[in-house]
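A.B. asks: quick one: sequence and predicted model below, then my questions.
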Amino acid sequence: MERRAQTQDGENVSRALATDLYQLTMAQGYFATGMADRASIFHMFYRSPPFGGRYVVAAGIGSFSEWLETFCFSKDDLAFLATLSGAGGRPLFSRSFLDYLARWRFRGSIDAIPEGTIVFPHQPMVRVRAPLLDAQLIETPLLAIVNHQSLIATKASRVRLAAGDDEVLEFGLRRAPGLEGGLAASRAAYIGGVDATSNVLAAQRFSIPARGTHAHSWVLAFADEQEAFLAYAELFPHNSVLLVDTYETVRGVRNAIAVGRRLRQQGAELLGIRLDSGDLAYLAGEARKLLDEAGFTATKIVASGDLDEHLLCSLKSQGAPIDVWGVGTKLVTAFDEPALGGVYKLAAVDDEQGRLMERMKICDQPEKTSIPGCLDTVRLKRDGFCVGDCIFDTLSESRPDRDGGAVNIISVTHPWQNKRVTLAGISGSLLLEPLFVDGQRVGGNESVAAMRQRTLDGLAGFDRTILRLLNPHSYPAGLSEKLYQRRETLRAAGLAANRHGLPNDRTAR
Ligand SMILES: Nc1ncnc2c1ncn2[C@@H]1O[C@H](COP(=O)(O)OP(=O)(O)OP(=O)(O)O)[C@@H](O)[C@H]1O
Ligand SMILES: O=P(O)(O)OC[C@H]1O[C@H](OP(=O)(O)OP(=O)(O)O)[C@H](O)[C@@H]1O
Ligand SMILES: O=C(O)c1cccnc1
């Protein structure tokens, strides 16, 4: 099958070069040294949760899968690579390597955590088993897509937790990192739990509910506020949320009520008003009083203006009678923590004899010492509630929840902290699911609505102390005892071997 990414006009929109140059120079190195086809295992995981929280909501894997399905090098891509030169003006890439790339297609297998899954530090979010060259070539786009969307989905989940059952609308496109970034952010925010977006392209592309009110410019375009409200209400009698703060908010609410009365005469109801400035707690209280006194008890109060999860909590604790929250900039830019530091690490590779050799990066900082093997995580639940997560090596040990009467979960960074979970009454499930098998996509194509539901169900499955926005309690997530021991043995051997890669004699594949 020919794979090619095109716009509707037939323009080639190959994204094969959306990578770091070193991925291509390393790929040429693997090709030239005969290592390209060696079996390898990589894991994508993060080390430190964002926003002072304990968890991340996985997102972006479907978008990555779409990218990977069409990943190939076009004639234009290869012609450009042929123009690149290194020191002395010599071509960077050989003709034979570029010819190889022209025919190259991803051949590997990938397992991934379904989008909307709550994931803890060091747990494999994506596991790639592929020829070394193939696994290397997908690193940068995988990280770019999954890091970004997981970050935004996590931020959205925090806004969701702060909002409780109130509606949350994502208003961020105008402040997003470009149109593509905005599209990805709207997708991720919905997966993270917002109810709707103002981004119409995201609504079309992902079947997200589209919602909106009107801008200050609408009011300013008319001779006065009441005229503006009337015109809008006549156009959208069943969909009018009037922005009341252009001139003087309390007068704006009175004008909206007058228009609401006119709507009632036509059999329609004023849906809402929006507050976008001033003291939102005070003004929402005043607006609610005026609306209720006038008999508009069902008219909703929408608030917007630099909101985030902390302001939502504050406004709620002040008793602000706000029904709907419009959240833009701080959500789609992940304002207080602009990047998730997800990484992609080699965990095993074949040697010349075709024996799979574990590999681990060793570092003085325990959190930066990687975990070797072919990993998965088993999540342990009791009465539907998550009680612990255990990373284990699928090649050298059986599932920890199927082995003995208890699971000992050992912290990755503080091994003296461990939690013993007795298995009576426990049901365990593996977090990774197949995404690609031998180069063919087999998963990652469920609806974003299903992913969003997974986030909501997932959040409901953890103790609220773990999800708390400020100084949350820790959750028992770590390594199986066997994996911990194996990693310690390899680490000790690696230090003795002067921090080189760690060959061992394991031949399991
Ligand atoms: N009662 C409140 N408690 C805490 N924060 C509030 C409250 N009311 C409003 N805020 C927040 O305080 C900030 C107010 O900022 P600022 O005064 O600069 O803007 P504004 O009132 O929205 O006016 P403008 O849009 O004209 O700049 C916003 O982030 C808003 O969400
Ligand atoms: O504050 P955010 O969380 O980013 O939410 C989006 C903001 O975008 C709009 O303001 P803008 O001044 O761009 O346009 P407007 O004239 O319609 O208010 C809207 O009124 C919100 O304040
Ligand atoms: O529809 C709205 O009210 C809206 C949309 C984008 C940004 N701010 C507000």
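C.D. replies: In hand now; what should we look at? Ligands and ions are numbered 1, 2, ... in the order given.
A.B. asks: what about the residue in the stretch 401-509 of the chain that ligand 1 sits nearest to, which SS state?
C.D. replies: Using Cβ to the nearest ligand atom, residue 469 is the residue of the stretch 401-509 of the chain that sits closest to ligand 1, at 15.2 Å. In this view, the C-beta of every residue, glycine as well, is placed from N, C-alpha and C. Recorded secondary structure, residue 469: coil (DSSP: H, G, I helix; E, B strand; the rest coil).
A.B. asks: just checking, it touches residue 310?
C.D. replies: Yes: the pair residue 469 / residue 310 is scored as a contact, 6.9 Å apart, by Cβ atoms under 8 Å.
A.B. asks: how far away is the residue of the stretch 401-509 of the chain closest to ligand 1 from residue 22?
C.D. replies: Spatial separation of residue 469 from residue 22 under the definition Cβ to Cβ, to the nearest Å is 38 Å.
A.B. asks: more neighbours, these two?
C.D. replies: Comparing residue 469 with residue 22 by neighbour count (other Cβ atoms under 10 Å), the higher total belongs to residue 469, at 16 against 12.
A.B. asks: thinking again about what came up before, shared neighbours, residue 469 and residue 310?
C.D. replies: When Cβ atoms under 8 Å, 6 or more residues apart in numbering defines a contact, the residues bordering residue 469 and residue 310 alike are residue 162.
A.B. asks: show me what contacts the residue of the stretch 401-509 of the chain closest to ligand 1?
C.D. replies: Taking Cβ under 8 Å, 6+ apart as the criterion, residue 469 is in contact with 51-53, 158, 161-162, 309-310, 313.
A.B. asks: and which of these is nearest ligand 3?
C.D. replies: The shortest approach to ligand 3 among these belongs to residue 309, at 18.0 Å (Cβ to the nearest ligand atom).
A.B. asks: tell me what residue 128 is bridged to.
C.D. replies: Residue 128 forms beta bridges with residue 42, residue 110, as assigned by DSSP bridges.
A.B. asks: contact partners for it?
C.D. replies: 40-44, 108-110, 135, 138, 142.
A.B. asks: distance of it from ligand 1?
C.D. replies: Counting by Cβ to the nearest ligand atom, to the nearest Å, the gap between residue 128 and ligand 1 amounts to 42 Å.
A.B. asks: swap in residue 350?
C.D. replies: Applying Cβ to the nearest ligand atom, one obtains 55 Å for the distance of residue 350 from ligand 1.
A.B. asks: can you pull the contacts of that residue?
C.D. replies: When contacts are counted by Cβ under 8 Å, 6+ apart, residue 350 touches 38-40, 356-357.
A.B. asks: ok, residue 288 next?
C.D. replies: 301, 321.
A.B. asks: help me confirm that it is found in a helix?
C.D. replies: Yes: per three-state DSSP, residue 288 lies within a helix segment.
A.B. asks: now it: how far from residue 264?
C.D. replies: Taking Cβ to Cβ as the criterion, residue 288 is separated from residue 264 by 19 Å.
A.B. asks: show me what residue of the stretch 401-509 of the chain gets nearest to ligand 2.
C.D. replies: Checked against ligand 2 (Cβ to the nearest ligand atom), the nearest residue in the stretch 401-509 of the chain is residue 469, 17.6 Å away.
A.B. asks: if we can go back for a sec, out of the contacts of residue 350, list just those in strands.
C.D. replies: Assigned to strands by DSSP state E, the following of the contacts of residue 350 qualify: 39-40, 356-357.
A.B. asks: residues of stretch 378-391 that come out buried?
C.D. replies: Along stretch 378-391, the positions that meet the burial threshold by neighbour count (16 or more other Cβ atoms under 10 Å) are 378-380, 386-391.
A.B. asks: how about stretch 101-116?
C.D. replies: Residues 101, 104, 106, 108-116 are the ones in stretch 101-116 that count as buried (16+ other Cβ under 10 Å).
A.B. asks: just stretch 411-422 next, same as before
C.D. replies: Residues 411-412, 419, 421 are the ones in stretch 411-422 that count as buried (16+ other Cβ under 10 Å).
A.B. asks: over to stretch 177-197?
C.D. replies: By neighbour count, and taking 16+ other Cβ under 10 Å as the criterion, the buried residues in stretch 177-197 are 181-197.
A.B. asks: can you tell me the element the most centrally placed residue in the chain falls in?
C.D. replies: With distances taken as Cα atoms, centre = their mean, the residue of the chain nearest its centroid is residue 150 (1.5 Å). In this assignment (DSSP states H and E), residue 150 forms part of helix 139-163.
A.B. asks: before we move on, what about residue 412?
C.D. replies: Assigned by DSSP H and E, residue 412 belongs to no helix or strand.
A.B. asks: look at the nearest residue to it once chain neighbours are set aside and tell me its secondary structure.
C.D. replies: The spatial neighbour of residue 412 that comes closest, neighbours along the chain excluded (Cβ to Cβ, 6 or more residues apart in numbering), is residue 122 at 4.6 Å. State at residue 122, reduced to three classes by three-state DSSP: coil.
A.B. asks: isn't residue 122 right up against residue 371?
C.D. replies: Yes: taking Cβ under 8 Å as the definition, residue 122 is a contact partner of residue 371 at 6.5 Å.
A.B. asks: overlap of the contact sets of those two?
C.D. replies: Here residue 122 and residue 371 have 391, 412 as joint contacts, going by Cβ under 8 Å, 6+ apart.
A.B. asks: quick revisit: phi, psi for the residue nearest to residue 412 please.
C.D. replies: In this entry, residue 122 is assigned phi and psi values of phi 70, psi -10 (degrees, to the nearest 10).
A.B. asks: next, count neighbours for it.
C.D. replies: Applying other Cβ under 10 Å, we find 22 other residues in the vicinity of residue 122.
A.B. asks: before we move on, the earlier item: of the buried residues of stretch 411-422, which pair is most distant in space?
C.D. replies: Checking the buried residues of stretch 411-422 against each other with Cβ to Cβ, the farthest-apart pair comes out as 412 and 421, at 16.6 Å.
A.B. asks: what's the lowest-mean-pLDDT helix or strand in the chain packed up against?
C.D. replies: Comparing helices and strands within the chain by mean pLDDT, DSSP states H and E singles out helix 481-496 as the least confident, with a mean of 87. Identification of packing neighbours for helix 481-496 by 3 or more Cβ pairs under 8 Å, 6 or more residues apart in numbering; DSSP states H and E yields strand 385-393, strand 406-410.
A.B. asks: now render those strands as TSV, adding distance to residue 128 and mean pLDDT.
C.D. replies: Compiled in TSV, the helices and strands packed on helix 481-496 are given as follows (distance: least, Cβ to Cβ, whole Å; pLDDT from 0 to 100):
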stretch	distance to residue 128	mean pLDDT
strand 385-393	16	98
strand 406-410	25	96
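A.B. asks: mind putting the ones you listed into a markdown table with distance to ligand 1?
C.D. replies: Written out in a markdown table, the entries for those read as follows (distance: least, Cβ to the nearest ligand atom, whole Å):
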| stretch | distance to ligand 1 |
| --- | --- |
| strand 385-393 | 33 |
| strand 406-410 | 40 |
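A.B. asks: which residue is the nearest non-sequential neighbour of residue 65?
C.D. replies: Computed as Cβ to Cβ, 6+ apart, the closest residue to residue 65 that is not its neighbour in sequence is residue 444, at 4.0 Å.
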